[in-house]
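Undergrad: need the 3D shape of this:
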Amino acid sequence: MTIQRILIVDDSPTERYYLTDILVKNGFTVSTAENGEEALAKIKADKPQLILMDVVMPGANGFQVTRSIARDPELQDVPVIICSSKNQETDRIWGLRQGARDYLVKPVDAAELLAKIAALG
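TA: Got it, this is the predicted structure:
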């Protein structure tokens, strides 16, 4: 399955713009959400093929939202890559334990991000 539709979940307009710019220039269709609640609504309405998830957000954090996705039978096949400024190894392990397929530290390197997406596809 080739990944085309990606949902970016991040409360920072700058991060959403930066990631959207990288992905659109590489042929992906991108939608965005500013928080976990909005993300879950969008995922259920229009199931993306990949989710890029921030951790530190108002309301439910990225770990909680990732866990909700991983535990939902209708959504658990949608891969999540956490993109966070939290750069400790314990954060990465915790993110993967919540159901994320991968973990990238901000600022996200464009080439690394595209390689991770290609590996999933």
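
Undergrad: switch to C-alpha atoms for all contacts and neighbour counts from now on
TA: Fine.

Undergrad: neighbouring contacts of the helix-or-strand element of the chain with minimal mean pLDDT?
TA: Least confident helix or strand of the chain, by mean pLDDT, DSSP states H and E, is helix 36-45 with a mean of 95. For helix 36-45, the external contacting residues (CA atoms under 8 Å, 6 or more residues apart in numbering) are 7, 9, 32-33, 57, 59-62, 65, 69, 75.

Undergrad: could you dump those into a markdown table with pLDDT added?
TA: What follows is the contacts of helix 36-45, written out as a markdown table (pLDDT from 0 to 100):
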| residue | pLDDT |
| --- | --- |
| 7 | 98 |
| 9 | 98 |
| 32 | 98 |
| 33 | 98 |
| 57 | 95 |
| 59 | 93 |
| 60 | 94 |
| 61 | 97 |
| 62 | 97 |
| 65 | 97 |
| 69 | 97 |
| 75 | 93 |
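
Undergrad: filter the residues you listed down to just the ones in strands.
TA: The strands, defined by DSSP state E, take in 7, 9, 32-33 from those.

Undergrad: ok, residue 117 to residue 44 distance?
TA: Between residue 117 and residue 44 the computed distance is 21 Å (CA to CA, to the nearest Å).

Undergrad: the more surrounded of those two?
TA: Counting neighbours by other CA atoms under 10 Å for residue 117 and for residue 44 shows that residue 117 has the greater number, 18 against 12.

Undergrad: and the helix or strand harbouring that one, what's buried?
TA: Residue 117 belongs to helix 110-120 when assigned by DSSP states H and E. With burial defined by 16 or more other CA atoms under 10 Å, the residues of helix 110-120 counted as buried are 113, 116-117.

Undergrad: list the residues that contact the closest residue to residue 5 other than its chain neighbours.
TA: Nearest non-adjacent residue to residue 5, counting by CA to CA, 6 or more residues apart in numbering: residue 29, 4.8 Å away. Taking CA under 8 Å, 6+ apart as the criterion, residue 29 is in contact with 4-6, 23.
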